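1. fold the following and give me the result.
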Amino acid sequence: KLSSEVHPALAFFALWGAVGWLTMVEGGQGSLVGLAPVNRELYKDSHKIAYKCSKIAHKGDSLDRYLLGRQFMVVMVVFTVNMSGGPLEGAEVWGFPQVILNIFLTSGLAMILFTCMVGQLNSQVNASHHMLDYLNNYFGLFTLWVANAIEFSGLLHSSYVIQLLVGLLAGQPIESNDEPRTGIETVFFWFRCLMSLAILAFCIAVTMVALFNDQTTMWDGVPAGVSVVVFFFLMCVVGMLEGMQIAFFAVAKKTSAERGEGVFAKKTCKLLYFGEGNNLPGFMIGRQLMVVSCMFFVARVTSVKLEGDEENIFGVSDAAQELFNTGLLGALMLTILGSISWQLVASAFPLAFMRSPITYVLLRICLGLECTGICQGAWVLAAIHKKFAGFQRDEVYIGTAAERAKQEMSDDPDQLRLGVGHLVKLPGFSDNAPKALQRLLKKDPSVGQYINNVVDKIESQHGSVHSDE
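-> This is a model prediction of the structure:
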């Protein structure tokens, strides 16, 4: 779209810029969540920018606010990639047969794999082992500022209304590390919540009108009614996958009896934690591919496209209509209704997710996608990135957990806010680790002890994670 309507050069730079930024959005999240329990004084001098990021993100509930803004950034990047790299009708590449073009280009598979492997999986691999080096740059600091600015704008504040409702339904208060709000701060907070709800309602209205009037970039020949059904179906799939991630980590350390008595709860747990638990990281890889695929299709379904003689939606100005055409409204709606809200529900009712047959089916699909090996190239890209960037493991700078404890600088698990109403996603536990981490555990057993100790402390101090609905 950008190439045909503006200029190919803009589309080229927008595509690579969006995917490049996505590497920091994904890697920055892993680094900030992973460094939350670590005493930042240990790397104050060696990694000054990472230290500054930590001071900003690990104060009060700042990490939750960052994760909220970051979620919108991920969706916006996917929509930008779709707008920049989406193939035009009848496009040809290097004389490939039409069947190859249909599989890789028309379907969007090429963009999906490009986004997953280059923008997400490779950065997640490196950030999981090299948090300090990955975050220690002004690009990471700038990304943190942008995510915080998005949250502060109030666009996503309707998520807080959902958060409060989820807390009430779960019968558990939302825990906070922030100081109580003043009167002015309370008024400003609820003003942004109301504004966000109004914007969300308007986004839904515009999207529904465009869908029913067949005014989107959906493929030609697809009836309007089918487009609406596809939109809601894909949004629910994205929501289930987002919620499953939260639910799986919430019940990972529970006993078999605590994980539920339902047939599908037992089948899901048996499959997920089979053997050494390698299906958990396998699910994460397949899940990433499936989420991005759904987001690309949602972007196509919700991006508005008017023919030359059609009136603007709701009679808005041409400038406003151009804003609708970017897909921004669909991105905002998907972020709140298709991502954040499902994560909040899963944080309060993880066992309900485990009992759903849909969870089991989606788990099977994700593991099937991972087994194809279609995303294994991400490990090669991660190795190349690590070589050029000169990343070193965090233990080189701050030592192991045992060494930090001897220096009277033990990790503080209270920095991670888990349970009802919190979006923090724990990395895999040591017994569910990928093979690369398992090799590290064999070389240095203290790493496994550290991971499990941190998780056990978190669980013991935040019983809400384990509460039965």
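
2. from residue 186, how far out is residue 177?
-> Going from residue 177 to residue 186 by Cβ to Cβ, to the nearest Å gives 17 Å. Where C-beta positions appear, they are placed from N, C-alpha and C, glycine not excepted.

3. for residue 35, same thing?
-> Using Cβ to Cβ, residue 35 is found at 31 Å from residue 186.

4. which one's more surrounded, the two?
-> Neighbour count, other Cβ atoms under 10 Å: between residue 35 and residue 186, residue 35 has more, with 26 against 11.

5. quick check, that one in contact with residue 136.
-> No - here residue 35 lies out of contact with residue 136, judged by Cβ atoms under 8 Å, at a distance of 10.9 Å.

6. between those two, which contacts overlap?
-> residue 50 (Cβ atoms under 8 Å, 6 or more residues apart in numbering).

7. pLDDT below threshold where in the chain?
-> Along the chain, the model assigns pLDDT under 70 to residues 1, 3-4, 88-90, 252-260, 273-278, 401-469.

8. could you pick out the longest helix of it?
-> Longest helix in the chain, counting residues (DSSP state H): helix 183-212.

9. packing partners of it?
-> Applying 3 or more Cβ pairs under 8 Å, 6 or more residues apart in numbering; DSSP states H and E, one finds that helix 183-212 contacts helix 158-170, helix 224-250, helix 279-302, helix 328-335.

10. of the ones you listed, which stretch is the most buried?
-> Of all those, helix 328-335 has the most neighbours on average by mean count of other Cβ atoms under 10 Å, namely a mean of 25.

11. ok, and what's touching that helix?
-> By Cβ under 8 Å, 6+ apart, helix 328-335 touches 71-72, 75-76, 78-79, 155-156, 199-200, 202-204, 206-207, 235, 238, 295, 298-299, 301-304, 323.

12. can you give me the angle the following helix or strand past it makes with helix 158-170?
-> Counting by DSSP states H and E, the next helix or strand C-terminal to helix 328-335 is helix 341-348. Put simply, helix 341-348 runs at 30 degrees to helix 158-170, going by axes from the mean of the first three to the mean of the last three Cα atoms, to 10 degrees.

13. alpha carbons of the helix or strand just after helix 341-348, as PDB, please.
-> Using DSSP H and E, the helix or strand that follows helix 341-348 in sequence is helix 350-354. C-alpha atoms of helix 350-354 as PDB (Å, rounded to 0.1, in the frame of the first residue of the first chain):
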ATOM      1  CA  PRO A 350      -5.800 -19.600  35.000                       C
ATOM      2  CA  LEU A 351      -7.500 -22.900  35.800                       C
ATOM      3  CA  ALA A 352     -10.600 -21.900  33.800                       C
ATOM      4  CA  PHE A 353      -8.300 -21.600  30.700                       C
ATOM      5  CA  MET A 354      -6.800 -25.000  31.500                       C
END
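
14. show me what helix 350-354 is packed against.
-> With contacts defined as 3+ Cβ pairs under 8 Å, 6+ apart, helix 350-354 has these neighbours: helix 224-250, helix 263-272.

15. which residues does stretch 189-209 contact?
-> 153-161, 181, 215, 228, 231, 302, 304, 313-314, 324, 329-330, 332-333, 336-337.

16. ok, back up a step: report the buried members of the contacts of helix 328-335.
-> Buried residues within the contacts of helix 328-335, defined by neighbour count using 16 or more other Cβ atoms under 10 Å: 71-72, 75-76, 78-79, 155-156, 199-200, 203, 206-207, 235, 238, 295, 298-299, 301-304.

17. quick one, what contacts the residue most central in space within the chain?
-> Nearest residue to the geometric centre of the chain (Cα atoms, centre = their mean): residue 71, 5.6 Å. Contacts for residue 71 (Cβ under 8 Å, 6+ apart) come out as 156, 335, 339, 340, 423.

18. secondary structure element for the first one, which one?
-> Secondary structure assigned from DSSP H and E places residue 156 in neither a helix nor a strand.

19. still on that earlier bit, output the helices and strands packed on helix 350-354 as CSV; include the columns distance to residue 360.
-> Converted to CSV, the helices and strands packed on helix 350-354 look like this (distance: least, Cβ to Cβ, whole Å):
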stretch, distance to residue 360
helix 224-250, 10
helix 263-272, 5
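
20. nearest to residue 6, of these?
-> When the helices and strands packed on helix 350-354 are compared by Cβ to Cβ, helix 224-250 sits nearest residue 6, at 26.0 Å.

21. could you check the angle helix 263-272 makes with the closest one?
-> Relative orientation of helix 224-250 versus helix 263-272 (the same axes, to 10 degrees): 70 degrees.

22. packing partners for helix 224-250?
-> Taking 3+ Cβ pairs under 8 Å, 6+ apart as the contact cut, helix 224-250 packs with helix 183-212, helix 279-302, helix 341-348, helix 350-354, helix 357-371.

23. can you check which of those helices gets nearest to residue 143?
-> In terms of Cβ to Cβ, the element of these nearest to residue 143 is helix 279-302, at 18.9 Å.

24. for that closest one, output the C-alpha coordinates as PDB.
-> Extracted in PDB, the C-alpha atoms of helix 279-302 (Å, rounded to 0.1, in the frame of the first residue of the first chain):
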ATOM      1  CA  ASN A 279       6.700 -28.800  25.200                       C
ATOM      2  CA  LEU A 280       6.400 -25.500  27.100                       C
ATOM      3  CA  PRO A 281       9.100 -23.600  25.200                       C
ATOM      4  CA  GLY A 282       7.900 -25.400  22.100                       C
ATOM      5  CA  PHE A 283       4.400 -24.000  22.700                       C
ATOM      6  CA  MET A 284       6.000 -20.500  23.100                       C
ATOM      7  CA  ILE A 285       7.600 -20.700  19.600                       C
ATOM      8  CA  GLY A 286       4.500 -22.000  17.900                       C
ATOM      9  CA  ARG A 287       2.300 -19.500  19.800                       C
ATOM     10  CA  GLN A 288       4.500 -16.600  18.500                       C
ATOM     11  CA  LEU A 289       4.100 -17.800  14.900                       C
ATOM     12  CA  MET A 290       0.300 -18.200  15.300                       C
ATOM     13  CA  VAL A 291      -0.200 -14.900  17.100                       C
ATOM     14  CA  VAL A 292       1.700 -12.900  14.400                       C
ATOM     15  CA  SER A 293      -0.200 -14.800  11.600                       C
ATOM     16  CA  CYS A 294      -3.600 -13.900  13.200                       C
ATOM     17  CA  MET A 295      -2.500 -10.300  13.600                       C
ATOM     18  CA  PHE A 296      -1.600 -10.000  10.000                       C
ATOM     19  CA  PHE A 297      -5.000 -11.300   8.900                       C
ATOM     20  CA  VAL A 298      -6.700  -9.000  11.400                       C
ATOM     21  CA  ALA A 299      -4.700  -6.100   9.900                       C
ATOM     22  CA  ARG A 300      -6.000  -7.000   6.500                       C
ATOM     23  CA  VAL A 301      -9.600  -7.400   7.700                       C
ATOM     24  CA  THR A 302      -9.700  -4.100   9.700                       C
END
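
25. thanks a lot, catch you later.
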